[in-house]
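S.K.: predicted model, plus sequence, below.
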Amino acid sequence: MLAGRGLKALPRLSSRRYLAHKIKTTLIRARGSLFLILRPYQIINGRLVRALRPRQRLLSNAPVFPIHDRVDVSIIIPVFNHCGDTRDCLLSIAQSTAGSSYEVVVVDDGSTDETPEMLGRIEGLIQLRNDVNLGFIGSCNRGAAAARGEFLVFLNNDTLVTYGWLEALRRTFDDIPGTGLAGAKLLYPDGRLQEAGGVIWHDASGWNYGKFDDPDHPKYNFAREVDYCSGACLMVRRALFQHLGGFDTEFKPAYYEDTDLAFKIRHAGQKVIYQPLARIVHHEGLTSGRSVRSGVKSHQLVNQAKFRRRWGERLAAHPDPLSGPVRLVHPHGAEQLPRGQVLVIDHRLLTPDRDAGSLRMLEMVRAICRRGHHVSFIPDDLMAPSPYQQVLQGMGVEVIHHPYYRSVRSFLKQHGEDFDLVIISRAEIAARHMATVQRFAPRAKVVFDTVDLHFLREEREAQLKQDPKLRASAAKRKQQELNLARIADLTLVVSALEKDILDRERLGLDVRIISTIYPLDGADIPGFEGRRNILFIGGFEHPPNVDAVLYFARDIFPLVKASIPEAVFQVIGADPTAEILQLAGQDIQVLGYVPEVRHFFDQARLSVAPIRYGAGVKGKVNQSMSFGVPAVVTRVAAEGMYLVHEQNALIADDPEGFADAVVRLWTEPEIWHRLSVNGRENLREHFSVEAAGRRIDELLEWAGLSRTVHGRPGDSQISA
């Protein structure tokens, strides 16, 4: 444990002022809904709940914990007296923890109140009692020695956990490679922020970043490397904890042992990550007091001196305590390459389960983060929160949103000079914000990411429908996109075909390709037998998808049914139009949005992409190939995908040829197996995360952002 000292110059937000601010922001988020605020509230996981008082009890019944033969996580809670608070902590764990197999180990350090009797009545609890008082460090180490989980969580008994806390900590180790320790966001009972990761200054004193501020501000809500995380709630791999010798008894009974562990972990080449999605209410000082002149807390100053002697050489690179508000971004140190700051502006929060463009951008952002750079993401509508926001925040992306920033412009006015690279996605968004970016982010390289060439799609639609108004609109769109490409430092397209189209304009543009990206997993793929459906997937906000389904249902599927009466056409996609919904019947199933699609692909014999106009690379085809499901596609759908007829897909345009291809895949196992294997190999070679990574490395190198390495432990980059 390390109680960081606050800075006198930092504005301390009173409970009354904080409540007024929270009422205001809550009403804004509620879009007109009215809440009756009678006492302090807090927002946890998007819900407005009453703030918990230190002495407020949760329930009268005793908690019950599951019993597993094997557990993933061991939650270790050292206790000494404070029976009621321990009971509340255990109740919150039982009520708010799901998804991970876990055990709870309580180490009773010789309590003299009713704690032993209370613990003995809890089903599934592992209870250890020290014969002599070992203190916080000794009790934690004893609990760790008895634990069975691959991961250890050290949790104070004066805490209350919130829903999803354990899963968020555990997921950090998968989302952020190299994580050795993950710590939670700590909240005061009245809802104010207690700590968003810890800072260690040059003199070894500590600071709880964000103390007394609004916990929902974007600057406190992205996973990031920190100097240390409070021992009130942290997760570490058991093997690493044991390898490092546990909490060092040099710091007994408590204070600076968590900071020392964090420095050792970073010295070993692993990361210490603050995870804001794990939200913990912490009654600071309840068990150890608040005065550094008496009691257990008096060891804080003594152990600070010990810590400074041990880590003095590394502390030399740390800054002196600051006297004003700061925005922490990521660590730095003399021994590592500088890390960059990247801003991404898109039309809305990324929805990777709904459209291929979002999945591509998500994987681009993930790759940039994993190369050591900080990413800020602004949705054009600045709307948040949502589960999609949490996906980004959990992997380290700062999501900018209302009510903390009024507009893209207001954010850039404050922070634009911090950025090295700005990526603006889609023509309409780039047209809206390009000038603002260039004005307020003067040192940044600016990338116009087309996602696909909109004018190409619109030209093809006009040609198909023979519509003069569409032709005129496409011409305006072309002029807009070419102007944006001229203004930007670099333009991204998704295929060689689109690069050739821009190159033919002879504008001297720097055009590069980052195509659609699809992660491949190692799951087994069911064989030919047992599959029985024809599948289409695609969101219906995109007009070419509407046209494709109507075209297949009206002109192609009747020909297929003549040869395969039992065939069923399944249509998956968000926001189906009225025309699409009217197709639904016994032979055509309109399923709408489906959050998990693997089951449907595993049952499909083939997928179809009867796209008649459009541009870019078709994510629906890559997605089908990722599941090993062969596809029948049009030439438009095959563009930029390196597809060869009868080798990794079947390609046809007219209704009769398309229907014949569907019947072949339905009835011929040999070609089905060939296309299934070759389709995945095509995806791996051209559209996998690894393939895209090479292009992203080239983009970052062009922007002057080299791939960084994990550097000296404990150093923090701070920008005002």
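M.R.: Sure thing, it's come through.
S.K.: I'd say G357 and V617 touch.
M.R.: No - using CB atoms under 8 Å, G357 is not in contact with V617, being 10.0 Å away. The C-beta positions use only the backbone N, C-alpha and C, and glycine is treated the same way.
S.K.: what touches both of these two?
M.R.: Common contact partners of G357 and V617 (CB atoms under 8 Å, 6 or more residues apart in numbering): D452.
S.K.: okay, the two: which has more neighbours?
M.R.: Shown here are G357 and V617; by other CB atoms under 10 Å, V617 has more neighbours (27 against 24).
S.K.: ok so that one is a strand residue?
M.R.: No - V617 is assigned coil when assessed by DSSP: H, G, I helix; E, B strand; the rest coil, not a strand.
S.K.: isn't it right up against E639?
M.R.: Yes - counting by CB under 8 Å, E639 is a contact partner of V617 at 7.4 Å.
S.K.: overlap in contacts of these two?
M.R.: Common neighbours of V617 and E639, counting by CB under 8 Å, 6+ apart, are S495.
S.K.: confidence score at the residue located most distally from the centre of the chain?
M.R.: Going by CA atoms, centre = their mean, the residue of the chain most distant from its centre is A562, 47.1 Å out. The model reports A562 with a pLDDT of 97.
S.K.: count the residues that sit near the closest residue to G178 other than its chain neighbours.
M.R.: Spatially, and ignoring its direct neighbours in sequence, G178 is nearest to K271 (4.9 Å; CB to CB, 6 or more residues apart in numbering). Per other CB under 10 Å, the neighbour tally for K271 reads 23.
S.K.: from G183, how far off is K271?
M.R.: For K271, the distance to G183 equals 11 Å [CB to CB, to the nearest Å].
S.K.: now do P403
M.R.: Distance, P403 to G183, using CB to CB: 27 Å.
S.K.: one more: T667?
M.R.: The gap separating T667 from G183 is 57 Å, by CB to CB.
S.K.: can I see the domain layout of this structure?
M.R.: Residue ranges for the domains of the chain, per automatic domain parsing: 11-41, 62-321, 341-513, 533-687.
S.K.: which stretch among those comes nearest R694?
M.R.: Distance to R694, taken as CB to CB, is lowest for domain 341-513 among those, at 10.1 Å.
S.K.: so for the closest one, what's the average pLDDT?
M.R.: 95.
S.K.: now do that domain: distance to the chain's middle.
M.R.: Relative to its chain's centre, domain 341-513 lies at 19 Å (CA atoms, centre = their mean, to the nearest Å).
S.K.: what do you get for stretch 253-264?
M.R.: 28 Å.
S.K.: repeat for stretch 586-603
M.R.: Offset of stretch 586-603 from its chain centre (CA atoms, centre = their mean): 26 Å.
S.K.: what is the end-to-end distance of it?
M.R.: 17 Å (CA to CA, to the nearest Å).
S.K.: got the buried residues for that stretch?
M.R.: D587, I588, Q589, V590, V597, F600, F601, D602, Q603 (16 or more other CB atoms under 10 Å).
S.K.: restricted to helices, list those residues.
M.R.: F600, F601, D602, Q603 (DSSP state H).
S.K.: okay if I get those residues as a markdown table plus distance to E257 and pLDDT?
M.R.: Converted to a markdown table, those look like this (distance: CB to CB, whole Å; pLDDT from 0 to 100):
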| residue | distance to E257 | pLDDT |
| --- | --- | --- |
| F600 | 51 | 97 |
| F601 | 50 | 97 |
| D602 | 49 | 96 |
| Q603 | 54 | 96 |
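S.K.: which one of those residues is nearest G206?
M.R.: Set against G206, the nearest of those by CB to CB is F601 (50.7 Å).
S.K.: so who does the residue lying closest to the closest one once chain neighbours are set aside touch?
M.R.: Of all residues not flanking F601 in the chain, F627 sits nearest, at 3.8 Å (CB to CB, 6+ apart). By CB under 8 Å, 6+ apart, the contact list for F627 reads I525, R598, F601, D602.
S.K.: repeat that for L244.
M.R.: L261, K264, I265, A268.
S.K.: next: I67.
M.R.: So I67 contacts G124 (CB under 8 Å, 6+ apart).
S.K.: could you measure from it over to R439?
M.R.: Taking CB to CB, one finds I67 at 61 Å from R439.
S.K.: now whichever helix in the chain runs longest: buried residues?
M.R.: Ordering each helix of the chain by length in residues (DSSP H) puts helix 468-487 first. By neighbour count on 16+ other CB under 10 Å, the buried set for helix 468-487 is L470, S473, A474, R477, K478, Q480, E481, L482, N483, L484, A485, I487.
S.K.: show me what that helix packs onto, helices and strands only.
M.R.: helix 427-440, strand 445-449, helix 454-465 (3 or more CB pairs under 8 Å, 6 or more residues apart in numbering; DSSP states H and E).
S.K.: go through the ones you listed and pick out the most buried.
M.R.: Of all the helices and strands packed on helix 468-487, strand 445-449 has the most neighbours on average by mean count of other CB atoms under 10 Å, namely a mean of 23.
S.K.: now for it, which elements pack on it?
M.R.: Using 3+ CB pairs under 8 Å, 6+ apart, strand 445-449 sits against strand 421-425, helix 427-440, helix 468-487, strand 490-493.
S.K.: again, only this time at 7 Å
M.R.: With contacts taken as 3 or more CB pairs under 7 Å, 6 or more residues apart in numbering; DSSP states H and E, strand 445-449 sits against strand 421-425, helix 427-440, strand 490-493.
S.K.: quick one: strands adjacent to it?
M.R.: strand 421-425 (parallel), strand 490-493 (parallel) (DSSP bridges).
S.K.: could I get the last one in CSV with only the CA atoms?
M.R.: Output for strand 490-493, consisting of C-alpha atoms alone and laid out as CSV, is shown next (Å, rounded to 0.1, in the frame of the first residue of the first chain):
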residue,chain,number,x,y,z
LEU,A,490,-0.8,10.6,-46.9
THR,A,491,-3.9,8.8,-48.1
LEU,A,492,-4.9,5.2,-47.2
VAL,A,493,-6.9,2.9,-49.4
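S.K.: mind putting the helices and strands packed on helix 468-487 into JSON lines with distance to L187?
M.R.: Putting the helices and strands packed on helix 468-487 into JSON lines (distance: least, CB to CB, whole Å) gives the following:
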{"stretch": "helix 427-440", "distance to L187": "33"}
{"stretch": "strand 445-449", "distance to L187": "37"}
{"stretch": "helix 454-465", "distance to L187": "44"}
